[in-house]
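S.K.: based on what follows, work out the 3D shape:
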Amino acid sequence: MRSLNARSETFPLIAPFRISRGVKTAADVVTVEISAEGHIGRGEGVPYPRYGETIESALAAIEGVRGAIEAGAGRAEINALMPPSAARNAVDCALWDLEARLAGKSVSALLGRPAVGPTPTALTVSLDTPEAMGAAALKLADAPLVKVKVDRSDPAAQIRAVRAAAPKPKLIVDPNESWTIAEVRDLQSLLVDLRVDLLEQPLPADDDAALEGFRSAVPIAADESAHVAGDLDALMAKYQVINIKLDKTGGLTAALELADAARAKGMGLMTGCMICSSLSIAPALIIAANAAFTDLDGPIWLANDRAGGVTCTRGILTPVSPELWGGA
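M.R.: Alright, predicted model coming up:
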């Protein structure tokens, strides 16, 4: 017989994290533990207000499937019972972790994949004045990849400041749905001149039809517009890259399906995360192994991460310890 424990946890940040939608000073997460036969599987989800989620609603959703979980429901059954969400992500990843521990294998081994190794990740420059963003970017100048959060106030100055301070890294620009199609068009030359490698979700997800057939000089990634594999047919004419986040797909199971479907359609892969602990990052690193762009620096913003979490040196993440997630 299984037992389920679900709770909320808060991890203060080392500095405010600003994007076009607001500011975060802490990572508020839902932690799930599923116990069976002396083993505990763990998973984490980050309820996101952008998708109408709260800590309370996520915990209620998990409570709603307590009976199924404790009766032994597998991942396929849980994915049928719960919609894609942070709540389902926490449960799905806990079930993967438990399955690996019961089998005496790692999750990677269960999937027939190589063990996760050191992984380059984007390091984020959060939204601020151009001067402050340049100062932040200077500290990341040796990283392989930098992501800059911008808005509509003066994106050209924001991107210029970051590129001037960090001329070597690859660069992702993320307006978080704050631009218009006119701004996307008008900034094309600047994006090329500043060697931007990827433009992430410039338009609101419910107003991105203007991207259909638009020939961008820089690849455009769908983030808020892309959740699960069933979204791809509607996205192919608008985007060239899909940003896979487990809180959007509702777990590793659906993330693997989305990655396979996107590759089959010739779309590029990005792996992203919310501001979270390393318990969220561990399963995402499995997706990152086949992604062209990886943005998994969420735990780097925490004042204190979970024990056994990732470490990051000059933009290279080391995997979590198997004691935290993923099995032996």
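S.K.: I'd assumed Pro299 was in contact with Thr121.
M.R.: No. At 10.1 Å, Thr121 and Pro299 do not qualify as touching, with contact defined as C-beta atoms under 8 Å. In this view, the C-beta of every residue, glycine as well, is placed from N, C-alpha and C.
S.K.: of those two, who's got more company?
M.R.: A count of neighbours by other C-beta atoms under 10 Å puts Thr121 above the other of Thr121 and Pro299, at 28 against 25.
S.K.: geometric centre of this structure: which residue is closest?
M.R.: Cys273 (1.8 Å; C-alpha atoms, centre = their mean).
S.K.: how far away is it from Ala157?
M.R.: 27 Å (C-beta to C-beta, to the nearest Å).
S.K.: return the residues in contact with Ala217.
M.R.: By C-beta atoms under 8 Å, 6 or more residues apart in numbering, the contact set of Ala217 is Gln188, Ser189, Leu191, Val192.
S.K.: out of these, which comes closest to Pro83?
M.R.: Leu191 (35.3 Å; C-beta to C-beta).
S.K.: list the residues that contact that closest one.
M.R.: Here Leu191 is in contact with Ile159, Val173, Leu199, Ala217, Val218 (C-beta under 8 Å, 6+ apart).
S.K.: I'd like those as a markdown table, with secondary structure and distance to Gly308 appended.
M.R.: Listed next are the contacts of Leu191 as a markdown table, based on DSSP: H, G, I helix; E, B strand; the rest coil; distance: C-beta to C-beta, whole Å:
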| residue | secondary structure | distance to Gly308 |
| --- | --- | --- |
| Ile159 | helix | 36 |
| Val173 | strand | 33 |
| Leu199 | strand | 35 |
| Ala217 | coil | 43 |
| Val218 | coil | 38 |
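S.K.: widest-spaced pair of these?
M.R.: That would be Ile159 and Ala217, which, of the contacts of Leu191, are the farthest apart (C-beta to C-beta) at 14.2 Å.
S.K.: rewinding a little: which one (most neighbours) among the contacts of Ala217?
M.R.: Busiest of the contacts of Ala217 [other C-beta under 10 Å] is Leu191, holding 21 neighbours.
S.K.: returning to what we had before: contact partners for the residue nearest to the centre of the chain?
M.R.: Lys245, Leu246, Asp247, Ser280, Ile281, Ala284, Asp295, Leu296, Asp297, Gly298.
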